[in-house]
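Enquirer: here's a sequence, model it:
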Amino acid sequence: MELRHLRYFIAVADELSFTRAALRLHTAQPSLSQQIRNLEDEVGTPLLERTRRKVELTEAGTVFLAEARLVVAQADRAVARARQVAQQGRATVTIGFVPAAEIRVFPAILPRLRLRFPDVNVELRSLPTADQEEALQRGEIDVAFMRYPVRSADLTSEVVLVEPLVVLLPSSHPLAKLERIPPEKLDGEPFISTHPHFSGQVYSVVEAYFDAHKLHRNVAQVATNILLNLNLVGMGLGYALLPAYAASLTSSAICARPLEGEPPRVELLMVSRAPPHPAELAGLFELVREHVAPE
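Expert: Modelled structure (predicted):
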């Protein structure tokens with residue numbers, strides 16, 4: 001089985017048309033059809049159901065497609081890394097992250113990673129949680145610091161940080177006089193919500209907290225990033241429930257207060273493809289485990 005067979009199959013599966021797939025691959029349709037038949041013969045089972053009107057994946061084809069994508073992505077990544085090292089003489093670790101990692105993880109590990117692997121180039125990519133998993137599977141990043149959920153069974157994850165949610169309030173808000181905020185005091189107050197695509201588990205944990213305490217959500221604005229969320233709070237438009245690291249980003253217009261009782265908590269995950277890993281990436285994992293306290 002050759003990589004080109006997998007690429008041909010992925011193209012047909014994406015297009016669900018031999019004609020469109022042949023155009024995409026710049027090859028003749030009869031040749032493409034023959035390559036797919038050869039692939040099915042080698043696999044030993046039909047991967048596609050063909051009729052005059054449509055092309056569909058078989059159940060086996062659906063499973064094979066997911067694995068084929070991983071193989072091709074890994075092969076492309078291997079080629080890219082080899083070329084990069086040949087051209088630059090340096091390996092690269094590409095890290096996807098959400099802001100919590102930037103504040104709570106990177107200061108502890110990146111200087112140490114540079115000392116341990118001085119010739120390694122580190123690339124940082126700020127990405128929403130929902131986009132990091134796809135970037136990992138495509139081989140665009142080597143490790144993701146992200147929130148739950150992790151949907152793919154092909155990825156490994158571990159919790160590296162657990163933080164309570166805190167209340168971020170305009171400094172002029174009456175509740176700012178309290179040392180701790182009872183949850184019932186938030187009922188009906190203007191609320192700056194997070195967008196689930198960008199905040200991952202934070203959104204679902206906040207929603208569960210509201211439900212558990214039977215709090216009315218008076219959503220004034222929905223923020224798509226942490227700085228917008230804080231700016232909206234600083235403008236006096238409402239309060240926010242955010243991980244504790246956000247308190248370090250506040251201005252004098254904002255105050256942070258813990259919740260009364262047991263606050264909800266959110267986890268930061270370190271997620272990667274399954275091993276084996278290059279030495280520099282394995283070294284990064286070790287540094288995180290050694291120098292970042294989960295709580």
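Enquirer: now the terminal residues of stretch 150-158, how far apart.
Expert: The stretch stretch 150-158 measures 11 Å between its terminal residues, going by C-alpha to C-alpha, to the nearest Å.
Enquirer: give me the buried positions along that stretch.
Expert: Buried residues in stretch 150-158, counting neighbours by 16 or more other C-beta atoms under 10 Å, are found at Val150, Ser152, Leu155, Ser157. The way it works is simple: take the backbone N, C-alpha and C, and place the C-beta from them, glycine included.
Enquirer: from those residues, which land in strands?
Expert: Restricting the buried residues of stretch 150-158 to those inside strands, with DSSP state E as the criterion, leaves Leu155, Ser157.
Enquirer: looking at the buried residues of stretch 150-158, which is nearest Ala240?
Expert: Using C-beta to C-beta, Val150 is the member of those that lies nearest Ala240, at 25.0 Å.
Enquirer: next, the closest one: phi, psi?
Expert: As for Val150, its main-chain torsions (degrees, to the nearest 10) stand at phi -110, psi 110.
Enquirer: give me the nearest residue to it, chain neighbours excluded.
Expert: Beyond its immediate neighbours in the sequence, the residue positioned closest to Val150 (C-beta to C-beta, 6 or more residues apart in numbering) is Ser157, lying 5.0 Å away.
Enquirer: mind giving me the packing neighbours of the helix or strand of the chain with the lowest mean pLDDT?
Expert: Of all regular secondary-structure elements in the chain, judged by mean pLDDT, DSSP states H and E, the least confident is helix 59-88 with a mean of 80. When contacts are defined as 3 or more C-beta pairs under 8 Å, 6 or more residues apart in numbering; DSSP states H and E, helix 59-88 sits against helix 3-15, helix 129-137.
Enquirer: lowest pLDDT pick from the buried residues of stretch 150-158?
Expert: Lowest-confidence member of the buried residues of stretch 150-158: Ser152, scoring 87 (pLDDT).
Enquirer: that one and Glu290, how far apart?
Expert: Between Ser152 and Glu290 the distance, using C-beta to C-beta, to the nearest Å, works out to 27 Å.
Enquirer: equivalent analysis for Asp41, please.
Expert: Taken as C-beta to C-beta, the spacing of Asp41 relative to Glu290 amounts to 51 Å.
Enquirer: repeat for Ala253
Expert: Between Ala253 and Glu290 the computed distance is 37 Å (C-beta to C-beta).
Enquirer: neighbour-wise, which of these two wins?
Expert: Taking other C-beta atoms under 10 Å, Ala253 and Glu290 do not tie; Ala253 has more neighbours (14 against 10).
Enquirer: correct me, but the more buried one touches Pro170?
Expert: Yes: assessed by C-beta atoms under 8 Å, Ala253 is found in contact with Pro170 at 6.5 Å.
Enquirer: doesn't Val219 belong to a helix?
Expert: No: assigned with DSSP: H, G, I helix; E, B strand; the rest coil, Val219 falls outside any helix and is strand.
Enquirer: quick check on the closest residue to it other than its chain neighbours: phi, psi?
Expert: For Val219, ignoring the flanking residues on the chain, the nearest one in space by C-beta to C-beta, 6+ apart is Ser193 at 4.9 Å. Main-chain torsions, Ser193, degrees, to the nearest 10: phi -90, psi 160.
Enquirer: give me the beta-bridge partners of Ser193?
Expert: The bridge-partner assignment for Ser193, based on DSSP bridges, gives Val222.
Enquirer: okay, now it: neighbour count?
Expert: 21.
Enquirer: so what's it scoring on pLDDT?
Expert: Predicted confidence (pLDDT) at Ser193: the value is 96.
Enquirer: cool, the one 4 residues further on as well?
Expert: Per-residue confidence at His197 stands at 85 (pLDDT).
Enquirer: what about it, how many neighbours?
Expert: By other C-beta under 10 Å, the residues close to His197 number 12.
Enquirer: excluding sequence neighbours, find me the nearest residue to it.
Expert: In space, His197 comes closest to Ala130 once its chain neighbours are excluded; the distance is 5.0 Å by C-beta to C-beta, 6+ apart.
Enquirer: for the one you found, list the residues it contacts.
Expert: For Ala130, the contact set (C-beta atoms under 8 Å, 6 or more residues apart in numbering) comprises His197, Phe198, Gly200.
Enquirer: out of the residues you listed, who's nearest Val206?
Expert: For Val206, the nearest member of the contacts of Ala130 is Gly200. The distance, counting by C-beta to C-beta, is 11.4 Å.
Enquirer: distance of that closest one from Val12?
Expert: 33 Å.
Enquirer: so the helix or strand encompassing Glu123 versus helix 59-88, what angle?
Expert: Under the criterion DSSP states H and E, the helix or strand holding Glu123 is strand 121-126. Between strand 121-126 and helix 59-88, the angle formed by their directions is 130 degrees, by axes from the mean of the first three to the mean of the last three C-alpha atoms, to 10 degrees.
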